[in-house]
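> Got a sequence here, can you build the structure:
(one chain, ligands or ions: 1)
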Amino acid sequence: MRIDIVTLFPGMVEGPIAESILGKARERGLVDIRVVNLRDHATGKHRVTDDYQFGGGGGMVLKPEPLFAAVEALRTEEARVVLLDPRGRRFTQAIARELSAVGHLILLAGRYEGVDERVSAALADDELSIGDYVLTGGELPALVVTDAVARLIPGVLGDAEAAGRDSFASGLLEGPQYTRPEEFRGLRVPDVLLSGDHAKIARWRRVHAIWRTWRRRPELLETAALTPAEQKLVEEFRRGKGPDEVWTRSA
Ligand code: SAM
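Okay, the predicted model is just below:
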């Protein structure tokens, strides 16, 4: 897979990539991540990339020409061009999974007051927002998308199954996790996790994942694939029962 990130601030993007698992994945040839300086695709003596807004209003807007030139230089047949934009569709794990199957992503990071509308109208295949807030530029959003997508590429994570157990992978939040010591400041690791009984541990984890999702993000349960027994568990939670009261009965 190839991911091109087009930005006016390459250093903002290159650093986090080089310092992370993404850099290792790049070194190992699992994903080809390229940081592209938008200014290299601007023309004229001053390589101008932004200009005043028509109609007035403060702030500068990224010009269309350098972005079109960059994409036209980078595009391959399988490329999907994604503009990072707070008005785009909200980025989710499901979209990360969808994008991880695309052979080539070109991510366009906006800046200043935003990007000339013709980029959205005639260049981008998709517009993604990483949440309902406004950042100063699309570099962090492009990194968020790159990280979430790249870690789904086989081989990028050391533990091949880790991504499948994460929150949102099965439509639920992940349950509690513990490491050593077994007791810390009077707080003990639940006995079941030390029992060595893998079936029991899996059941405990599943019940706690459902419980945590029910407490924190109940709307996710509307689309999560729950068995009839698990749906009954949710009913018990609604009636005031806690996970440790019900989990042994959930087999
Ligand atoms: N004026 C724009 C608006 O109100 O929608 C905001 C522009 S923002 C200051 C500059 C750039 O940062 C955007 O073009 C986009 O690339 C990026 N950006 C900011 N917040 C974002 C978000 N939540 N998701 C994705 N990109 C974002």
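> from here on, contacts and neighbour counts on C-alpha atoms
Noted.
> what stretches of this protein score poorly on pLDDT?
249-251 (pLDDT under 70).
> and the host helix or strand of residue 6, anywhere near the ligand?
Element membership for residue 6, per DSSP states H and E: strand 2-7. No - counting by Cα under 6 Å from any ligand atom, the ligand has no neighbours in strand 2-7; the shortest distance is 9.4 Å.
> Run through who's touching that strand.
31-38, 70, 74, 103-110, 138-139, 142, 146 (Cα atoms under 8 Å, 6 or more residues apart in numbering).
> Throw together a PyMOL command that grabs the buried residues out of the residues you listed.
To isolate the buried ones among the contacts of strand 2-7 in PyMOL, judged by 16 or more other Cα atoms under 10 Å, type:
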select buried, resi 31+32+33+34+35+36+37+38+70+104+105+106+107+108+109+110+138+139+142+146
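> Residue 240 and the ligand: what is the separation?
For residue 240, the distance to the ligand equals 37 Å [Cα to the nearest ligand atom, to the nearest Å].
> which residues are in contact with stretch 230-249?
203, 204, 207, 208, 210, 211, 214, 250.
> So which bits of the strand of greatest length in the chain are buried?
Counting by DSSP state E, the longest strand found in the chain is strand 79-90. By 16+ other Cα under 10 Å, the buried positions in strand 79-90 come out as 79, 80, 81, 82, 83, 84, 85, 86, 88.
> hang on, the first one packs against residue 107?
Read that as residue 79. No - Residue 79 lies out of contact with residue 107 (Cα atoms under 8 Å); the separation is 10.2 Å.
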